[in-house]
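In: Show me the folded form of this:
(chains A and B)
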Amino acid sequence: MLPKLKPIAIKERFSLLFLEKGELDVVDGAFVIIDKTGVRSHIPVGGIACLMLEPGTRVSHAAVVLASRVGCLLIWVGEAGVRLYSAGQPGGARADRLLYQAKLALDDDLRRRVVRKMYEMRFNELLPDHYSVEQMRGMEAVRVKKMYQLFAQQYGIEWKGRSYDPEDWDSADVQNKCLSSATSCIYGVAEAAILAAGYSPAVGFIHTGKPRSFVYDIADLFKFETVVPLAFRIASEKHNNYERAVRLACRDAFRETRLLKKIIPTIEEVLSAGGIEIPDAPEESVPPAIPNERSIGDVGHRT
Amino acid sequence: MLVIVLENAPDRLRGRLAVWLLEVRAGVYVGDYSVKVREMIVQNIEEGLEDGNAVVLWSSPNETGFDFLTMGESRRIPKEMDGIKLISFLPDTSE
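Out: Take a look at the predicted model:
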């Protein structure tokens, strides 16, 4: 008998894989994509942080079961990965982490500390204590605008500002399209890491009100050192398929910056700025009848 | 770098290894994982190998640059000479 399948840690995986056109299924216990001519390709799903499923893919029940067993996030995406239609749920299954995150987000003072930490990490400097969230956000907007302009200048391309219409992908200029593709890559990885660490993607600190608010918060910490410069670089070059070029460059950037090794520790560091501990279960609570198994995956992975 | 070669192994084990590794030729798997994950994969092989045999190789900071372990019955067995692990090929005794 083979041992039970368990997830491995996010930091050991490679970042993401886009799949288009084919049927995802399980053959002899392995995750495969079968194209219309019957050709099978194995996907080492246990060694990938997240799979981006593009239009033209079909997924069997067995495939979803296997992906969730090994803790691989499934994200259904639209054109060039801009839209998220739905997401599989491999983790986020830790009440103590969710309560901790919620407590930080609900208390104004704690939330401000987390927000401050996030901005400090991005600006690489300490911010004056009396700055309000509004002021910090204002600072950030100015800097981001300047950074976009700087990158555009560096790669010798025109920049008319960040704009895109989610309803009409083709109306955006190449620069904005490249940026959108690149950010969707980092959002996928950030979401997989947040779930694996046991937190909720929806409970954000700077961003609020979206299913992926916390994903945007975390991705923003890494965006400008990874995907943004490469999006401008790709946009300044000649490519037949810009989206593909961006994805390949994203994967290189994630490897070079060791993103998957850094991302969960960074999430913990940002949240610890609130200065509170992860709550213990109340004394009178009833522990599970069958204790949790030990796993070499991350804390939020279901085993 | 982690390389695994299986011979005569059941399909469910081959499928199981394809969950983490790339099967580049029949029964030949490649990947790159930590010691912890390698041990977990080795445990899977141990329990699913049945009558087959396997060799697991990985990069290691020794003189040869790699280390390996074998599982199951095979005519090729590891042999240590002067601190270096080599392979001895046993004569065919099936007749």
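
In: for the residue nearest to the spatial centre of chain A, helix, strand, or coil?
Out: For chain A, the residue whose C-alpha lies nearest the mean C-alpha position (CA atoms, centre = their mean) is A:Ala190; its distance is 2.0 Å. At A:Ala190, secondary structure determined by DSSP: H, G, I helix; E, B strand; the rest coil is helix.

In: Let me see the contact set for it.
Out: A:Val215, A:Ile218, A:Ala219, A:Phe222, A:Ile263 (CB atoms under 8 Å, 6 or more residues apart in numbering or on different chains). No exception for glycine: its C-beta is placed from N, CA and C like everyone else's.

In: Go through those and flag which are in helices.
Out: Here DSSP state H is the test, and the contacts of A:Ala190 give A:Val215, A:Ile218, A:Ala219, A:Phe222, A:Ile263 as lying in helices.

In: In contact with the last one, which residues are there?
Out: In this structure, A:Ile263 makes contact with A:Ile10, A:Val189, A:Ala190, A:Ala193, A:Ile218, A:Phe222, judged by CB under 8 Å, 6+ apart.

In: can you count the residues close to B:Glu47?
Out: By the measure other CB atoms under 10 Å in any protein chain shown, the count of residues near B:Glu47 is 13.

In: Over to A:His130?
Out: So A:His130, with other CB under 10 Å, has 6 neighbours.

In: Can you name the residues of the stretch 51-200 of chain A that neighbour chain B?
Out: A:Leu66, A:Val70 (CB under 8 Å from any CB of the partner chain).

In: Helices along the stretch 51-200 of chain A, start to end?
Out: Using DSSP state H, counting those that start in this stretch, the helices of the stretch 51-200 of chain A run over residues A:61-69, A:95-106, A:108-123, A:133-154, A:174-197.

In: State the three-state secondary structure for the closest residue to B:Leu86 other than its chain neighbours.
Out: What sits nearest to B:Leu86 in space, not counting adjacent residues and going by CB to CB, 6 or more residues apart in numbering or on different chains, is B:Lys79, at 5.2 Å. When classified by three-state DSSP, B:Lys79 comes out as strand.

In: what number of residues lie near B:Lys79?
Out: 11.

In: Against B:Asn53, how distant is it?
Out: B:Lys79 sits 16 Å away from B:Asn53, going by CB to CB, to the nearest Å.

In: any idea how far A:Val189 lies from chain B?
Out: 18 Å (CB to the nearest CB, to the nearest Å).

In: burial count for that residue?
Out: 28.

In: Would you mind confirming that it makes contact with A:Ala49?
Out: Yes - judged on CB atoms under 8 Å, A:Val189 makes contact with A:Ala49 at a distance of 5.7 Å.

In: what's the nearest residue to A:Ser218 if we skip its chain neighbours?
Out: Just so we're on the same page, residue A:218 is Ile rather than Ser. That would be A:Ala190: by CB to CB, 6+ apart, it lies 4.6 Å from A:Ile218.

In: just the helices of the stretch 51-200 of chain A: most buried one?
Out: Most buried of the helices of the stretch 51-200 of chain A by mean neighbour count (mean count of other CB atoms under 10 Å in any protein chain shown) is helix A:174-197; its value is a mean of 26.

In: Test my guess that A:Gln149 contacts A:Glu158.
Out: No - applying CB under 8 Å as the test, A:Gln149 and A:Glu158 come out as separate, 10.6 Å apart.

In: Where does the residue of chain B found nearest chain A fall, secondary structure wise?
Out: Nearest to chain A, among the residues of chain B, is B:Gly15, at 3.2 Å (CB to the nearest CB). Using DSSP states H and E, B:Gly15 sits within helix B:11-17.

In: neighbouring contacts of the next helix or strand after that helix?
Out: As assigned by DSSP H and E, the chain's next helix or strand after helix B:11-17 is strand B:22-25. Contact partners of strand B:22-25, identified using CB under 8 Å, 6+ apart, comprise A:His42, A:Pro44, B:Arg14, B:Leu17, B:Tyr29, B:Val30, B:Gly31.
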